[in-house]
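Novice: Build me a model:
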Amino acid sequence: MEGFKYNSYCGLYCGACDILSAYKRAFEKNQKVRWEDLPEELRNNIPANKTEGIICHGCTTDTVFIGCSKCLIRKCAKTKMKVETCFNCRRFPCIRFRSWRFVWKLMHKKLPHIRAARANQACIQDKGVAAWLSEQEEQWKCPKCKKAFSWYEKMCSSCGSDLDFSSRFPV
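Specialist: Okay, here's the model as predicted:
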């Protein structure tokens, strides 16, 4: 089985993705994820066939959520340009990437997690993928018990602490 990878081509942190997190928890319990298990923000705002299974190991793997498998940035970086991130591409910022920023402007209110991509992109460019991943891993842990949490969790599933959702995503 392919392992889980939390980096992406565009700058989103897959380690905090509710879809990947739900799949990983269900996988560990030998169960299937149901759409009802996902946060309302995702259920209501991501285009997907709700009868498809929810499965994902992360953007840079071959096992991705059906919605992410159609991402033009992912397809280009993985198959055409064969780069670790968009920032490693000689064509960056290309038309696909600039188009993605247009989508970001349209969707950032419905899916606030995509707001984080801009700041993450700058960090990846400045520090590299490994340092960014390390920072993200720390950022997405409960401040009290250090259990990992996902984008739309508002309360820690381990200790019940408030996860301060309001300040999570930059405007």
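Novice: can you tell me which residues contact residue 4?
Specialist: If you count contacts by Cβ atoms under 8 Å, 6 or more residues apart in numbering, residue 4 has them with 14, 20, 24, 57-58, 61. Any C-beta I mention is one placed from the backbone N, CA and C, and that applies to glycine too.
Novice: ok, and the most crowded of these?
Specialist: residue 20 (26 neighbours; other Cβ atoms under 10 Å).
Novice: separation between that one and residue 114?
Specialist: The gap separating residue 20 from residue 114 is 15 Å, by Cβ to Cβ, to the nearest Å.
Novice: before we move on, what about residue 161?
Specialist: From residue 161 to residue 114 the distance is 25 Å (Cβ to Cβ).
Novice: More neighbours: the two, which one.
Specialist: Neighbour totals were compared for residue 161 and residue 114, and residue 114 leads with 21 against 14 (other Cβ under 10 Å).
Novice: After the helix or strand of the chain with the lowest mean pLDDT, which helix or strand is next?
Specialist: Every helix and strand of the chain was ranked by mean pLDDT, DSSP states H and E. The lowest is helix 95-107, at a mean of 77. Next along the chain after helix 95-107, taking DSSP states H and E as the criterion, comes helix 116-127.
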